[in-house]
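**Q** Okay, here's the prediction I keep looking at, along with the sequence it came from:
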There are 2 protein chains.
Amino acid sequence: MPVKSDDNGSGGEIVDRRREQMLLAAAEIIAERGFSETRIADVARRVGASPALVIYYFGTKDDLLTEALRYSEDRFYVVCAEMLASTSALRDRLESLVRLTCIPDGEDQVPGAWGLWFDLWSQAFRHPLVAKDRLELERRWRSTIEGVVADGIRAGEIKKIDAEDFAVTWAVLLDGLSIQVALKDPIVDSERAFNIAMTFAEQALDLPPSRGAKASTRRQRAGKSARS
Amino acid sequence: MPVKSDDNGSGGEIVDRRREQMLLAAAEIIAERGFSETRIADVARRVGASPALVIYYFGTKDDLLTEALRYSEDRFYVVCAEMLASTSALRDRLESLVRLTCIPDGEDQVPGAWGLWFDLWSQAFRHPLVAKDRLELERRWRSTIEGVVADGIRAGEIKKIDAEDFAVTWAVLLDGLSIQVALKDPIVDSERAFNIAMTFAEQALDLPPSRGAKASTRRQRAGKSARS
DNA sequence: CGATGCTGACTGACTGTTCAGTCTAAGTAG
DNA sequence: CTACTTAGACTGAACAGTCAGTCAGCATCG
């Protein structure tokens, strides 16, 4: 057996690399074909190893897939944190978050990551352990939004509002939007999703409209909202 | 072979009943165990028949499951239409729609129907044929919301607004809320989901607050969601 | 040498699907 | 009314493919 997940400094060098390769490959394949259509043989082939090795590392197909889900959650969160670190302007940050969830494939993430969410939800619905992970992810996600808003308030960009309430509602809205975009709904494409999300944020936070927009047109056709 | 789906008056009586039994059973099991964990043997057992008979009727496991998905979509829509027919007051109707999506198991529907949504999305993401069905369902769903709002405008209950835009956004919001409720998120339980949905509707439609609430206590315990 | 990383060949269980044929009810002829 | 036919609903048993997981052993390296 390989070193479980001990990060003993010198030990599992190759092991850790292999593990990550496999997790990434598994995540990709889950996203493409779906959780239950993912075969260990596929994962093995993609990392150029034998199926036996995958079992050697993870012991069980289920462990592999579950960890792969966790892995991509973490990935998502890391990318998210990086994006937020690159600017401190409230509007830019909000736009980053929307882009992260509603625009096709930032290259940083696991490609086709949407399929992953569907499977994550599906698994979480039926398996308490996955549910716990998902909950933790959601918690972090909301905290992130809440933090961004709180920063905005602290910086005086917007007036004080209930950040928790906004975070919860907005997170839910983004989930819904991402579904439509992922499923290539012709009515709600990524551009419209972006506009819906930002329009909601503008109204809920009383955020001045984007620099591009004229000052007086706030409630205009607030939805279809040409933000451009 | 059984009569395909001819409804020739005298012919496939038993056939139709059997088919529906099987579709319902399949839908239930999909909701419980998940799409790909559904075995034809399970479906057969639940209707008290042999696995061979299920194949005899549907030809293929995939056909059965796909049709089962369609079947439950239709069911949902029918229940929805019935609910709306029972009242014409805008607020009541909106509340009905929210209840339909965000409150655990109306007995009319396929029980545990949440799991079904996840699998529907998952399948739609990867199989164009399912995607087409899902799109049609979404279209009807939005039209329904739009119709309700349009009725409200026509009846003078609210002022004129962009009904299509509201329908799209609200539908997305409801999707997001239903996910949280389905996954038993402790933060967004069905009560809070209900409040979020109705609060959004009130603001977007400029709908007077519910009769139950005293005029000044709008922020009461509306699910932590005082919107101001 | 011993530990570690790794594999090919195998197996055992599962499950969708086929098929040959049974049972029942209705029709039809004698 | 009886005997024979037919067709549709249905099934048990077998088949065939797929795959997760096992195992005995090979190679490499310190």
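**A** Noted; the coordinates are in hand.
**Q** alpha carbons only for contacts and neighbour counts from here, please
**A** OK.
**Q** Sort out which residues of the longest helix along chain A are buried, please.
**A** In chain A, with assignment by DSSP state H, the single longest helix is helix A:128-154. Buried positions in helix A:128-154, judged by neighbour count with 16 or more other CA atoms under 10 Å in any protein chain shown: A:130-131, A:133-135, A:137-138, A:141-146, A:148-153.
**Q** how far away is the residue nearest the centre of chain A from residue B:177?
**A** Among the residues of chain A, the one closest to the centroid is residue A:76, at 4.5 Å (CA atoms, centre = their mean). The gap separating residue A:76 from residue B:177 is 21 Å, by CA to CA, to the nearest Å.
**Q** low-scoring pLDDT stretches of chain A, where are they?
**A** Scanning chain A for pLDDT under 70 picks out the ranges A:1-12, A:106-112, A:211-228.
**Q** now with 50?
**A** Under the criterion pLDDT under 50, the flagged ranges of chain A are A:1, A:3-11, A:214-228.
**Q** is DNA strand C contacted by the helix or strand harbouring residue A:31?
**A** Element membership for residue A:31, per DSSP states H and E: helix A:13-33. Yes: Helix A:13-33 is in contact with DNA strand C by CA under 7 Å from any atom of the strand, via A:13, A:14, A:15, A:18.
**Q** Counting neighbours, which of those residues comes out on top?
**A** residue A:18 (17 neighbours; other CA atoms under 10 Å in any protein chain shown).
**Q** For chain A, just list every one of the helices.
**A** A:13-33, A:40-46, A:51-58, A:61-85, A:90-102, A:113-126, A:128-154, A:163-182, A:190-205.
**Q** By neighbour count, which bits of the last one are buried? Give me those.
**A** Along helix A:190-205, the positions that meet the burial threshold by neighbour count (16+ other CA under 10 Å) are A:190, A:192-202, A:204-205.
**Q** Let me have these in JSON lines, adding distance to residue A:59 as columns.
**A** Formatted as JSON lines, the buried residues of helix A:190-205 follow (distance: CA to CA, whole Å):
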{"residue": "A:190", "distance to residue A:59": "40"}
{"residue": "A:192", "distance to residue A:59": "44"}
{"residue": "A:193", "distance to residue A:59": "41"}
{"residue": "A:194", "distance to residue A:59": "42"}
{"residue": "A:195", "distance to residue A:59": "46"}
{"residue": "A:196", "distance to residue A:59": "45"}
{"residue": "A:197", "distance to residue A:59": "42"}
{"residue": "A:198", "distance to residue A:59": "45"}
{"residue": "A:199", "distance to residue A:59": "48"}
{"residue": "A:200", "distance to residue A:59": "46"}
{"residue": "A:201", "distance to residue A:59": "46"}
{"residue": "A:202", "distance to residue A:59": "49"}
{"residue": "A:204", "distance to residue A:59": "48"}
{"residue": "A:205", "distance to residue A:59": "49"}
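**Q** ok, those vs DNA strand D, which is closest?
**A** Nearest to DNA strand D out of the buried residues of helix A:190-205 is residue A:190 (CA to the nearest atom of the strand; 33.7 Å).
**Q** residues touching the closest one, list them.
**A** A:102, A:103, A:104, A:181 (CA atoms under 8 Å, 6 or more residues apart in numbering or on different chains).
**Q** number of nearby residues for the last one?
**A** Same thing as residue A:181. Here the number of neighbours of residue A:181 (other CA under 10 Å) works out to 22.
**Q** residue contacts, it?
**A** Residue A:181 makes contact with A:102, A:103, A:188, A:189, A:190, A:193, according to CA under 8 Å, 6+ apart.
**Q** how about a cut-off of 7 Å?
**A** Shown in contact with residue A:181 (CA atoms under 7 Å, 6 or more residues apart in numbering or on different chains): A:102, A:188, A:189, A:190.
**Q** how near is the residue lying closest to residue A:50 once chain neighbours are set aside to chain B?
**A** Counting by CA to CA, 6 or more residues apart in numbering or on different chains, residue A:44 is the residue found nearest to residue A:50 once chain neighbours are left out, at 5.4 Å. Computed as CA to the nearest CA, to the nearest Å, the residue A:44 to chain B distance reads 22 Å.
**Q** got the contact list for residue A:44?
**A** Residue A:44 neighbours (CA under 7 Å, 6+ apart): A:50, A:51, A:54.
**Q** go on, residue A:135?
**A** residue B:185.
**Q** Go through stretch A:43-55 and flag the buried ones.
**A** Across stretch A:43-55, burial judged by 16+ other CA under 10 Å covers A:43, A:44, A:46, A:47, A:50, A:54, A:55.
**Q** what's the spacing between the fourth one and DNA strand D?
**A** Taking CA to the nearest atom of the strand, to the nearest Å as the measure, residue A:47 falls 15 Å from DNA strand D.
**Q** Check the last one too.
**A** Counting by CA to the nearest atom of the strand, the gap from residue A:55 to DNA strand D is 6 Å.
**Q** Kindly report the same for the third one.
**A** Residue A:46 sits 13 Å away from DNA strand D, going by CA to the nearest atom of the strand.
**Q** residues contacting that residue?
**A** Neighbour list for residue A:46: residue A:25 [criterion: CA under 7 Å, 6+ apart].
**Q** of all the contacts of residue A:181, which two lie farthest apart?
**A** Taking every pair in the contacts of residue A:181 and measuring CA to CA, the maximum separation is 10.3 Å, between A:102 and A:188.
**Q** who has more neighbours, these two?
**A** Neighbour comparison, residue A:102 and residue A:188: the larger count goes to residue A:102, with 27 against 21 (by other CA under 10 Å).
**Q** Apart from its chain neighbours, what residue comes closest to the more buried one?
**A** Using CA to CA, 6+ apart, the closest residue to residue A:102 is residue A:178 (5.0 Å).
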